[in-house]
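A.B. asks: Attaching a predicted model along with its sequence, questions to come.
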Amino acid sequence: MREVVIAGYLRTAQSRSRPTDPSKDWFGRMRADELLAKVMPELVKRSGIDAGEIDDFIVGCAQAVGEQVTFGGRFSIFMANFPYTVPAKLVDQQCGSSMAAIHMGFLEIATDNADIVMVGGMENMSRVPMGGATTDSGLAAPNLALFTAPEYRHWEMQTTMSMGLTAQKLLSQTDFTREDMDKWALRSHQLAEKAIQEGFFDGEIMPIEVEQADGSIMTVKRDQAVRGDTTLEALARLKPAFNEGHQITAGNSSPVNAAASAMILMSKEAAHAKGIKPLATIRSIGFAGVNPTIMGVGPVPASKKALRKAGLEVQAIDFWEINEAFCIVALNCIKELGIDPEKANVMGGGTAIGHPMGATGIRLVGTLARVLQEKGGRYGCANACIGGGQGVATVIERTP
């Protein structure tokens, strides 16, 4: 198998989606595919390649309905004005969609079926909210028999389809408390704000000019949901977000967001031939299925698989990016794998930065690669839980 490197990474800022009031979302007037179409050409330019050299383009999107339909990924090629010779495909693995795109691109290159693959991710959760309701047309329509027929009762679809209820069920199976989750959320916001002030995210965010609801033009260049001034007391006052008496709140969960992300994967040989210094080398990938009513456990078996394939122990990993769909997911992963908490989400996590589902996987891996470069770590692991009961993970090694 050939070695596969990350030759470039770029994303938009992540806005704070407001499905009931898009005017408060910095990207409320921009479609997800428009965001991605701005990032793709700029990443090609910064990476030092020609778009015509791309052997495949793989885009991840969790709610590919309505205006987020991709026509097999080709709409992104058209909107970026890439050559028609670049093939494309769409992958939906919900919260792991764009990390799954990385996995597919990795396999294409490792098996010598491609030299250069671009992967992308997109989601605008103001314009296409969870559940698939859209501003124009197109709805997600799961088979209602899953909810009503006796032979499917064991899937507990009322819990399975509500991510907040799955997080609450996971919490109930651990020794963690509401205060533990709120403390982790506070840490996430504080670290993300610190990273913003120190300019870390400037190295991965492409500023975009966007018309706002009042007609003004705003340059969006920072993540909207980060609240550096939040306090533990403020988080403790928040009411349960899903059911009365529960401990999962808006404060210890990720917000909904809009964003796009993209990454260039190359064979090591191709990068060397072009004089490109990669960010990192992909060492292994992992994926797993788990009980869908506690989908938040997914990162644990996925990470174990990726570590096993890389021939590494948990202690060998210098930094982790664990998607904070809910704080309990990160806390559970840290406990179950025996991770040093100070090695996890050191620039803040999804509780603060956000979780635009289809764009998140690339954000996790890309940010991790930059953390390794910034802090001189060797190995990193990025992972995420996935609605429906899955997990994904990617192990990377910093390129010296």
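C.D. replies: Great, that's in hand. Keep in mind the model is a prediction, meaning the values are calculated, not measured.
A.B. asks: From here on, just use CA atoms for contacts and neighbour counts.
C.D. replies: Will do.
A.B. asks: Secondary structure element for residue 102, which one?
C.D. replies: Per DSSP states H and E: residue 102 is located in helix 97-110.
A.B. asks: oh, I was asking about residue 57
C.D. replies: Secondary structure from DSSP H and E places residue 57 in strand 56-60.
A.B. asks: buried set for the helix or strand following that strand?
C.D. replies: Counting by DSSP H and E, the next helix or strand C-terminal to strand 56-60 is helix 74-79. For helix 74-79, the neighbour count (16 or more other C-alpha atoms under 10 Å) marks 74-77 as buried.
A.B. asks: strand partners of whichever helix or strand comes after helix 74-79, parallel vs antiparallel please.
C.D. replies: Next along the chain after helix 74-79, taking DSSP H and E as the criterion, comes strand 88-91. Sheet pairing for strand 88-91, assigned by DSSP bridges, gives strand 56-60 (parallel).
A.B. asks: contacts for the partner strand?
C.D. replies: 73, 86-93, 97-101, 104-105, 114, 116-122, 358-359 (C-alpha atoms under 8 Å, 6 or more residues apart in numbering).
A.B. asks: Let me know the angle separating that strand from helix 97-110.
C.D. replies: 160 degrees (axes from the mean of the first three to the mean of the last three C-alpha atoms, to 10 degrees).
A.B. asks: Restrict strand 56-60 to CA atoms and write it as CSV.
C.D. replies: Coordinates of the C-alpha atoms in strand 56-60 are reproduced here as CSV (Å, rounded to 0.1, in the frame of the first residue of the first chain):
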residue,chain,number,x,y,z
ASP,A,56,-11.6,12.2,-7.7
PHE,A,57,-13.7,14.5,-5.6
ILE,A,58,-15.7,13.1,-2.7
VAL,A,59,-18.1,15.4,-0.8
GLY,A,60,-19.7,14.6,2.5
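A.B. asks: Check which helices and strands the very next helix or strand once past the helix holding residue 102 sits against.
C.D. replies: Next along the chain after helix 97-110, taking DSSP H and E as the criterion, comes strand 116-124. Judged by 3 or more C-alpha pairs under 8 Å, 6 or more residues apart in numbering; DSSP states H and E, strand 116-124 is in contact with helix 32-47, strand 56-60, helix 97-110, strand 257-267, helix 357-375.
A.B. asks: give me the low-pLDDT residue ranges for this protein?
C.D. replies: Along the chain, segments meeting pLDDT under 70 span 132-138.
A.B. asks: List the residues that contact residue 337.
C.D. replies: For residue 337, the contact set (C-alpha under 8 Å, 6+ apart) comprises 300, 314.
A.B. asks: heads up, I number from 39, so please use that
C.D. replies: Got it, first residue is 39 now, which makes that one residue 375.
A.B. asks: on that earlier part again, enumerate the positions of the helix holding residue 140 that are buried.
C.D. replies: So for helix 135-148, counting by 16+ other C-alpha under 10 Å, buried means 135-148.
A.B. asks: from these, which is closest to residue 206?
C.D. replies: Proximity to residue 206 was ranked across these by C-alpha to C-alpha; first place goes to residue 135, at 23.5 Å.
A.B. asks: Please name the nearest non-neighbouring residue to residue 436.
C.D. replies: By the measure of C-alpha to C-alpha, 6 or more residues apart in numbering, the closest residue to residue 436 outside its immediate chain neighbours is residue 318, 4.4 Å from it.
A.B. asks: Phi and psi next, for that neighbour.
C.D. replies: phi -160, psi 170 (degrees, to the nearest 10).
A.B. asks: quick one: which of the buried residues of helix 135-148 is nearest to residue 91?
C.D. replies: Distance to residue 91 across the buried residues of helix 135-148 (C-alpha to C-alpha) is lowest for residue 147, with 13.5 Å.
A.B. asks: how much space between that closest one and residue 95?
C.D. replies: Look at residue 147 and residue 95: by C-alpha to C-alpha, to the nearest Å, they are 12 Å apart.
A.B. asks: hang on, residue 322 in a helix?
C.D. replies: No - membership of residue 322 in a helix is not supported by DSSP: H, G, I helix; E, B strand; the rest coil, which gives strand.
A.B. asks: List the residues that contact it.
C.D. replies: Counted by C-alpha under 8 Å, 6+ apart, residue 322 has contacts 344-345, 347-348, 432-434.
A.B. asks: Narrow those to those that are buried.
C.D. replies: 344-345, 348, 432-434.
A.B. asks: So residue 213 lies in a strand, does it not?
C.D. replies: No - under three-state DSSP, residue 213 sits outside any strand and is assigned coil.
A.B. asks: Count the residues that sit near it.
C.D. replies: 8 (other C-alpha atoms under 10 Å).
A.B. asks: picking that back up, between helix 70-85 and the strand holding residue 95, find me the angle.
C.D. replies: Here strand 94-98 runs at an angle of 140 degrees relative to helix 70-85 (the same axes, to 10 degrees).
A.B. asks: I appreciate the help and will end here.
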